[in-house]
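Q: Okay, sequence plus prediction incoming.
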Amino acid sequence: MDNINLEMTKAVQRPIRVMQYGGGNFLRAFVDYFFDLANEKGLFNGSIAVVESLPNSNVDRFHKQDCQYTLQLRGNIEGEEYVESRVITSISKACTVFHDYEEYIALAKEEELRFVVSNTTEAGIVFDEKDSFEDKFNVTFPAKLTQFLYERYSYFHGDSNKGLIMLPVELIDDNGIVLKKYVNDYIDLWKLEDGFRTWVNEACVFTSTLVDRIVPGFPRDEKDAICEKLGYNDDLLDTAEPFALWVIESPVNISEELPLDKALVGKKKMDIIFTDNQKPYKQRKVRILNGAHTSFVLASYLVGHDTVKESMDDELVRNFMNDTIHKEIIPTLTLPKEELESFADSVVDRFNNPFIKHALLSISLNSVSKWRARCLPSLLGYVEKYDKLPEKLSFSIAALLAFYQGDEIVNSALIGHRNGEAYEIKDDPNVLEFFKENSGLPARELVEKYLSNVKFHGQDLTKVEGLVDLVSKDLENIRSFGMAKAMEMLG
């Protein structure tokens, strides 16, 4: 079969308006998909230049198929299986910093360039004093971006109309604020002129974003069968779930310049939100989506399940999760209830996705710190609001203590056992040592030691009235009757 190419897609050639650091699965299934929809609906009229920025990067796979590729969305929408294949034509150029530097830096001179997207991983937005302005091949992304912005500033003689809008999607808090700080730090380090600093801070916009979409990526085991159905070869084939959320926090309103949200009319379970405060949306995601994960996966594993989908097929576990979300987490959040309920419904669809095999043991990694970040605020918020303990969130502590049972550490993992079979418990060394030494204690003694550990929780949780009693009772039930029976006893 021939590779997908421009002759097949007959893609409209558009001016480059977006430069994108990174051409990986997530950006192509998320950002590039949204721009493609906006182009199709006549809302944007711009193409994307992909820039790979690591020394070992290459863009041959883009060139071999004229930057065209297929995205397949697969999952559940309102309980029904959903599959959609879409040819994405929003990328028109691909180059690398290290092998095509002149082609890359020439993008700074593009008249209609306006947006810079980046996904350089959580380790990408960093500052390194060893970076040099004269070095074309600095490793850190903020250094590269500062050089690129300076090239544009110089070429257009500081024209305030040629500033750029930064849309970082790296998974760090306040990613745009941090990126802007480091760009200014490089301006200081390299002693660049005040006019450039003014242009960066006044003509450019640094947004902070929150992104949410599960992207399994290249379907290696299914690729040949999918391409056979499509009728062409596609080495950039990408897969993702139907759900998508992009929250864009900006100091100025950019929604008219970036009307991606208008392209989503009729697209269920996808949303782009422009706001001046993304924190409530991050809280919603962390507390509902991540909090639900953390509160049921350890219990579900000890019931006997191995994946999230298996957990959702078990009425006992599914009801536990639904009660946790709707009765204990949502009442502690600040966004409108209807909005929270809609998000919660989408979470259930996502957990039920038959195309994603999400292993419970992989989710269990670092559960102690995850529980503190994702579940503890909901538990304390519930106590504050209702002056009583949330039953399911409290039980999730007992489930964690039951999961973290073991007296042997092998290859940096505590060894637990489920029905006679060993499993690996992975967490920070101090957490594993704590459970190696204490997990065999009587239930109440273990609960008191765990809840009083300020390093684990940031506070002494034995001071939360009734929590030691409730968690101790739950743990005793798990040990005496097994996880499934203990969950049934909750009602």
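A: Happy to help now that I have it.

Q: how close does residue 265 sit to residue 244?
A: 14 Å (CB to CB, to the nearest Å). C-beta: built from backbone N, CA, C; applies to glycine.

Q: So for the two, which sits in the more crowded spot?
A: When residue 265 and residue 244 are compared on other CB atoms under 10 Å, the one with more neighbours turns out to be residue 244, at 23 against 8.

Q: Double-check that one against residue 271; I have them as touching.
A: Yes - counting by CB atoms under 8 Å, residue 271 is a contact partner of residue 244 at 7.4 Å.

Q: Quick check: the residue nearest to the spatial centre of the chain vs residue 32, distance?
A: With distances taken as CA atoms, centre = their mean, the residue of the chain nearest its centroid is residue 212 (5.0 Å). Residue 212 sits 16 Å away from residue 32, taking CB to CB as the criterion.

Q: And the helices in the stretch 251-400 of the chain, which stretches?
A: Taking DSSP state H, counting those that start in this stretch, the helices of the stretch 251-400 of the chain run over residues 279-284, 291-303, 308-312, 315-323, 337-351, 360-363, 367-374, 376-386, 391-403.

Q: Same list (those) but as JSON lines, adding mean neighbour count.
A: Converted to JSON lines, those look like this (neighbours: other CB atoms under 10 Å):
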{"stretch": "helix 279-284", "mean neighbour count": "18"}
{"stretch": "helix 291-303", "mean neighbour count": "26"}
{"stretch": "helix 308-312", "mean neighbour count": "21"}
{"stretch": "helix 315-323", "mean neighbour count": "18"}
{"stretch": "helix 337-351", "mean neighbour count": "18"}
{"stretch": "helix 360-363", "mean neighbour count": "17"}
{"stretch": "helix 367-374", "mean neighbour count": "19"}
{"stretch": "helix 376-386", "mean neighbour count": "17"}
{"stretch": "helix 391-403", "mean neighbour count": "25"}
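
Q: any chance of the ones you listed in TSV, plus mean pLDDT and distance to residue 460?
A: As requested, the helices of the stretch 251-400 of the chain are exported to TSV (pLDDT from 0 to 100; distance: least, CB to CB, whole Å):
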stretch	mean pLDDT	distance to residue 460
helix 279-284	95	24
helix 291-303	97	21
helix 308-312	96	32
helix 315-323	97	27
helix 337-351	93	30
helix 360-363	95	27
helix 367-374	96	13
helix 376-386	98	13
helix 391-403	98	14
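
Q: Format those as CSV; extra columns: distance to residue 431.
A: Below are the helices of the stretch 251-400 of the chain laid out as CSV (distance: least, CB to CB, whole Å):
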stretch, distance to residue 431
helix 279-284, 25
helix 291-303, 14
helix 308-312, 23
helix 315-323, 24
helix 337-351, 26
helix 360-363, 16
helix 367-374, 5
helix 376-386, 15
helix 391-403, 11
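
Q: and of those, who's closest to residue 87?
A: For residue 87, the closest of the helices of the stretch 251-400 of the chain is helix 337-351, at 24.7 Å, according to CB to CB.

Q: From the chain's centroid, how far away is that closest one?
A: Averaging C-alpha positions (CA atoms, centre = their mean, to the nearest Å) puts helix 337-351 17 Å from its chain's average.

Q: Just list what it packs against, helices and strands only.
A: Counting contacts by 3 or more CB pairs under 8 Å, 6 or more residues apart in numbering; DSSP states H and E, helix 337-351 is packed against strand 69-77, helix 308-312, helix 315-323.

Q: C-alpha coordinates for it, PDB please?
A: Extracted as PDB, the C-alpha positions of helix 337-351 are listed here (Å, rounded to 0.1, in the frame of the first residue of the first chain):
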ATOM      1  CA  LYS A 337     -23.000  20.900  40.400                       C
ATOM      2  CA  GLU A 338     -24.400  20.300  36.900                       C
ATOM      3  CA  GLU A 339     -21.000  20.800  35.400                       C
ATOM      4  CA  LEU A 340     -19.400  18.500  38.000                       C
ATOM      5  CA  GLU A 341     -21.900  15.800  37.400                       C
ATOM      6  CA  SER A 342     -21.400  16.000  33.600                       C
ATOM      7  CA  PHE A 343     -17.600  15.600  34.100                       C
ATOM      8  CA  ALA A 344     -18.200  12.700  36.400                       C
ATOM      9  CA  ASP A 345     -20.400  11.000  33.800                       C
ATOM     10  CA  SER A 346     -17.600  11.400  31.300                       C
ATOM     11  CA  VAL A 347     -15.100   9.800  33.800                       C
ATOM     12  CA  VAL A 348     -17.300   6.700  34.000                       C
ATOM     13  CA  ASP A 349     -17.400   6.500  30.100                       C
ATOM     14  CA  ARG A 350     -13.600   6.800  30.100                       C
ATOM     15  CA  PHE A 351     -13.100   4.100  32.700                       C
END
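
Q: ok, and what's touching it?
A: 75-79, 214, 241, 243, 269, 284, 288-289, 292, 308-309, 311-312, 321-322, 325-326, 330, 333 (CB atoms under 8 Å, 6 or more residues apart in numbering).

Q: Repeat the analysis, applying 7 Å as the threshold.
A: Here helix 337-351 makes contact (CB atoms under 7 Å, 6 or more residues apart in numbering) with 75-78, 214, 241, 243, 269, 284, 288-289, 292, 308, 312, 325-326, 330, 333.

Q: what's the angle from it to strand 69-77?
A: Orientation of helix 337-351 against strand 69-77 (axes from the mean of the first three to the mean of the last three CA atoms, to 10 degrees) gives an angle of 110 degrees.

Q: Which parts of the stretch 1-150 of the chain are helices?
A: Going by DSSP H, counting those that start in this stretch, the stretch 1-150 of the chain shows helices at 6-9, 25-29, 31-40, 60-64, 101-105, 141-155.

Q: re earlier: could I get the helices and strands packed on helix 337-351 as JSON lines with distance to residue 107?
A: Shown next, in JSON lines, are the helices and strands packed on helix 337-351 (distance: least, CB to CB, whole Å):
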{"stretch": "strand 69-77", "distance to residue 107": "21"}
{"stretch": "helix 308-312", "distance to residue 107": "41"}
{"stretch": "helix 315-323", "distance to residue 107": "46"}
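
Q: quick one, which of these is nearest to residue 149?
A: Closest among these, using CB to CB: strand 69-77, at 29.1 Å.

Q: Strand partners (parallel or antiparallel) of the closest one?
A: strand 80-88 (antiparallel), strand 238-240 (parallel) (DSSP bridges).

Q: Dump that strand to CSV, restricted to CA.
A: The C-alpha trace of strand 69-77 is given here as CSV (Å, rounded to 0.1, in the frame of the first residue of the first chain):
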residue,chain,number,x,y,z
TYR,A,69,-1.8,11.2,9.1
THR,A,70,-4.9,9.5,10.6
LEU,A,71,-6.3,9.9,14.1
GLN,A,72,-8.7,7.2,15.3
LEU,A,73,-10.8,8.1,18.3
ARG,A,74,-12.0,5.0,20.2
GLY,A,75,-14.0,4.6,23.4
ASN,A,76,-17.5,5.1,24.9
ILE,A,77,-19.8,8.0,24.6
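
Q: ok, the nearest residue to residue 22 once chain neighbours are set aside - contacts?
A: Closest residue to residue 22 apart from its sequence neighbours, by CB to CB, 6 or more residues apart in numbering: residue 119 at 4.4 Å. Going by CB under 7 Å, 6+ apart, residue 119 touches 22, 24, 26-27, 169-170.

Q: Filter the residues you listed down to just the buried residues.
A: Buried subset of those (neighbour count, 16 or more other CB atoms under 10 Å): 22, 26-27, 169-170.

Q: Now the residues you listed in CSV, please, with extra columns for pLDDT and distance to residue 347.
A: Listed next are these as CSV, based on pLDDT from 0 to 100; distance: CB to CB, whole Å:
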residue, pLDDT, distance to residue 347
22, 95, 27
26, 96, 19
27, 97, 23
169, 96, 21
170, 93, 23
